[in-house]
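Q: Here is the input, now give the coordinates:
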Amino acid sequence: MKHYVVGIDLGGMSAKGAIFEENGTLILKKSVPTSSADGFDKTAEHMAELTRALAKEAHADYSEIDGIGIAVPGFIDSEKGVVMRWSNYGWLERPLVQKMEELTGKKVKISNDANVAALGEAKFGAGKEYKSSLLVTLGTGVGGGIIVDGKLLEGYKSAGAEIGHMVICEGGELCSCGRHGCLEAYTSARALIRMTKWQMELDLTTKMWEVAGGKLENVDGKTAFAAARLGDTRAQEVVDEYVEHLAVGLANLANVLRPQAILLGGGISNEGEHLFAPLRKAVEKKLYASAEFVPLVITKASLGNDAGVYGAFALAKGI
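A: Predicted coordinates for the structure are as follows:
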């Protein structure tokens, strides 16, 4: 008899699912649309239907599915299996594990999506060679997860590892969480866009205008990096400032947790060595224990959008 596990990455607009062999081999991926308008019960039903569809399309007997792991946005009490708060969907204290187990007849585990992505990278991605690693995702917001000695570190009631909301500048820029000075307020794509536009308004000759097609509304997280590659000094100032803020956050994490590797994901991580080379140097200057004696790898995460389903598999398997 074969054994399978289903991993689901629940997002605001879709639920991405994958069915795996018990050794972690991904057999098939599938996604279904989701919406906040569906409500809790309907969303759970969508995921239960997705699980059955994955089994059918993979030609696996449903009885051979041993468990389901689910990555969920928001504040998750993974021990109780409850979504304590998911603001975008308006969920408060929703018993997702109980509901999914009723609908599927399978053992279900849940955790925060950023934590689950970190688990996926640690077990199957760029972090698989390391016992301890951090994933930091640089997108619209800043998230991530912490792996220590191969285990996901969530903190009390799964409320820890909120990497983006570590304060790096007391009384600084307003963050999406309502507080000031968070890492996210300086290193998210939104923050980089804000910094880029500000410098463009100060200098009408910067090549950032050329890259953006002469329009501020075209500015994105790539604009400053692209102009800096063209030799634009104003754009390079934006990149340097961004790197410095990110280095403060990563060095703080490294000095407290000292992982073997820090993995960067999200759109900004695609800037390659134009980001990573100066970032490594800036972090090194801020480390208490020199990387010469305690090596620290800073590199790009490798699983991309599949990190969630791989991590959900690992969550379900307890590995």
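
Q: And the helices in the protein, which stretches?
A: In the chain, the helices defined using DSSP state H lie at 39-57, 96-104, 113-124, 184-187, 189-202, 207-211, 223-229, 233-257, 273-286, 307-317.

Q: Of these, which is nearest residue 19?
A: Closest approach to residue 19 among those (CB to CB): helix 39-57, 4.2 Å. For the C-beta atoms, the positions are set from N, CA and C on the backbone; glycine is no exception.

Q: Tell me which other helices or strands the closest one touches.
A: Applying 3 or more CB pairs under 8 Å, 6 or more residues apart in numbering; DSSP states H and E, one finds that helix 39-57 contacts strand 4-10, strand 14-21, strand 26-33, strand 65-72, helix 96-104.

Q: average pLDDT across that helix?
A: For helix 39-57, mean pLDDT is 98.

Q: a markdown table for the helices and strands packed on helix 39-57, including distance to residue 273?
A: What follows is the helices and strands packed on helix 39-57, written out as a markdown table (distance: least, CB to CB, whole Å):
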| stretch | distance to residue 273 |
| --- | --- |
| strand 4-10 | 29 |
| strand 14-21 | 30 |
| strand 26-33 | 29 |
| strand 65-72 | 30 |
| helix 96-104 | 41 |
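
Q: Could you point out which residue ranges in the stretch 1-150 of the chain have low pLDDT?
A: For the stretch 1-150 of the chain, no stretch is flagged by pLDDT under 70.

Q: Look up how far residue 301 lies from residue 136.
A: Noted for residue 136: a distance of 9 Å to residue 301, by CB to CB, to the nearest Å.

Q: ok so, going back, would you mind finding the most buried of the helices and strands packed on helix 39-57?
A: strand 4-10 (a mean of 27; mean count of other CB atoms under 10 Å).

Q: Does that strand pack against any helices or strands, and if so which?
A: strand 14-21, helix 39-57, strand 65-72, helix 113-124, helix 307-317.

Q: could I get those as JSON lines with distance to residue 256?
A: Output for the helices and strands packed on strand 4-10, formatted as JSON lines (distance: least, CB to CB, whole Å):
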{"stretch": "strand 14-21", "distance to residue 256": "32"}
{"stretch": "helix 39-57", "distance to residue 256": "35"}
{"stretch": "strand 65-72", "distance to residue 256": "25"}
{"stretch": "helix 113-124", "distance to residue 256": "16"}
{"stretch": "helix 307-317", "distance to residue 256": "23"}
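
Q: I'd like to know which of those is closest to residue 103.
A: Taking CB to CB, helix 39-57 is the member of the helices and strands packed on strand 4-10 nearest to residue 103, at 3.9 Å.

Q: Output that closest one as CSV, restricted to C-alpha atoms.
A: This file holds the C-alpha atoms of helix 39-57, laid out as CSV (Å, rounded to 0.1, in the frame of the first residue of the first chain):
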residue,chain,number,x,y,z
GLY,A,39,-16.5,32.6,4.3
PHE,A,40,-14.8,30.1,6.6
ASP,A,41,-17.0,27.0,5.9
LYS,A,42,-16.9,27.4,2.1
THR,A,43,-13.1,28.0,2.1
ALA,A,44,-12.6,24.8,4.1
GLU,A,45,-14.8,22.9,1.7
HIS,A,46,-12.7,24.2,-1.2
MET,A,47,-9.6,22.8,0.4
ALA,A,48,-11.3,19.4,1.1
GLU,A,49,-12.4,19.2,-2.5
LEU,A,50,-8.9,20.2,-3.6
THR,A,51,-7.5,17.3,-1.5
ARG,A,52,-9.8,14.8,-3.2
ALA,A,53,-9.1,16.2,-6.7
LEU,A,54,-5.4,15.9,-6.1
ALA,A,55,-5.8,12.2,-5.1
LYS,A,56,-7.9,11.5,-8.1
GLU,A,57,-5.7,13.2,-10.6
